[in-house]
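Trainee: Give me a 3D structure for the following:
(one chain, ligands or ions: 1)
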Amino acid sequence: MLCFNIITIFPEYFREVFDFGIVRRARAAGLVEITAHDLREWTSDRHRTVDDRPFGGGDGMILKPAPLFEAVVALTGANEAREVAGTGTRVVLLTPQGRVFDQRVAEELAAVNQIVMICGRYEGVDERVVEALVTDELSIGDYVLSGGEPAAVVVVDAVVRLLPGALGSETSAVNESFSDGLLDYPHYTRPPEFRGLRVPDILLGGHHAEIARWRRRAALKKTQRNRPDLLERAALSDDERKWLEKGE
Ligand code: 6GU
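Mentor: Sure, this is the predicted structure:
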């Protein structure tokens, strides 16, 4: 069982988002447990203060270290901050300053038992939290969100669907985009002709080798058009590279 504990100033944000589709089913099947916690539970002042102004000046508020230290210690089951690392729990900070979350990172996280996720605010989190507690700073891409909450949803979804048993027999993680470094091939369903737009003839016949070849080439074309950066690292045969160069 994989356990996610999410630390956020907006626990209500997560109220229904994990109640749909594959994530809902994985929770019901006991493959994963996901709990959102209000950071203010770990404050001790009357106003339940979680943030403060940055030393050195500048705009925006910074999440204070004390509530986050208390929260992470409590949720990892450690007795104190310096024992957090020994629990083996991954402590993820969601921040635009993180390394970019991709399918490889998702696979890595799907192999652990305990993940604590801290939802940063855009303005930031006191860096001592990163220095003392965080194992992974993650960003979901090169754009700015106002908080880590949407990113936490993205990470949970991508990880949960990799848990053994999470995908039904009707879906598979094997043929998807990124599993082999390429985008997925295009898909079609009935009818074979819609408003004059035809499904490629190859897919209508039952010639499985021809279909596989068409799909591979279509995936290569799609990747070249939309994500040429992926082609540099993908495992392509010499023939495939030549075929792409001459443009079909
Ligand atoms: Cl994880 N947080 C914020 N605030 N912005 C982001 C992000 C995370 N990933 C991309 N942009």
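Trainee: In space, what's closest to the most centrally placed residue in the chain - neighbours in sequence excluded?
Mentor: Residue closest to the average C-alpha location in the chain (C-alpha atoms, centre = their mean): V155, at 2.5 Å. Spatially, and ignoring its direct neighbours in sequence, V155 is nearest to F101 (6.0 Å; C-beta to C-beta, 6 or more residues apart in numbering). C-beta coordinates here come from the backbone N, C-alpha and C atoms, glycine included.
Trainee: got the contact list for that neighbour?
Mentor: 138-141, 151, 154-155, 158 (C-beta atoms under 8 Å, 6 or more residues apart in numbering).
Trainee: what are the ranges of the helices in this protein?
Mentor: Assigned by DSSP state H, the helices in the chain fall at 21-28, 65-76, 103-109, 127-132, 149-160, 201-204, 208-226, 228-231, 238-245.
Trainee: And the ones you listed: which comes nearest the ligand?
Mentor: helix 149-160 (3.3 Å; C-beta to the nearest ligand atom).
Trainee: can you tell me the average pLDDT over the closest one?
Mentor: Averaging pLDDT along helix 149-160 yields 98.
Trainee: Over to stretch 48-63?
Mentor: Per-residue scores along stretch 48-63 average to 97.
Trainee: how much distance is there from that stretch to the middle of the chain?
Mentor: 28 Å (C-alpha atoms, centre = their mean, to the nearest Å).
Trainee: Output the below-cut-off pLDDT ranges for this protein.
Mentor: For the chain, applying pLDDT under 70 flags the ranges 169-175, 179, 248.
Trainee: wait, the residue nearest to the centre of the chain sits on M117?
Mentor: Yes. In this structure, V155 is within contact of M117 by C-beta atoms under 8 Å, at 6.9 Å.
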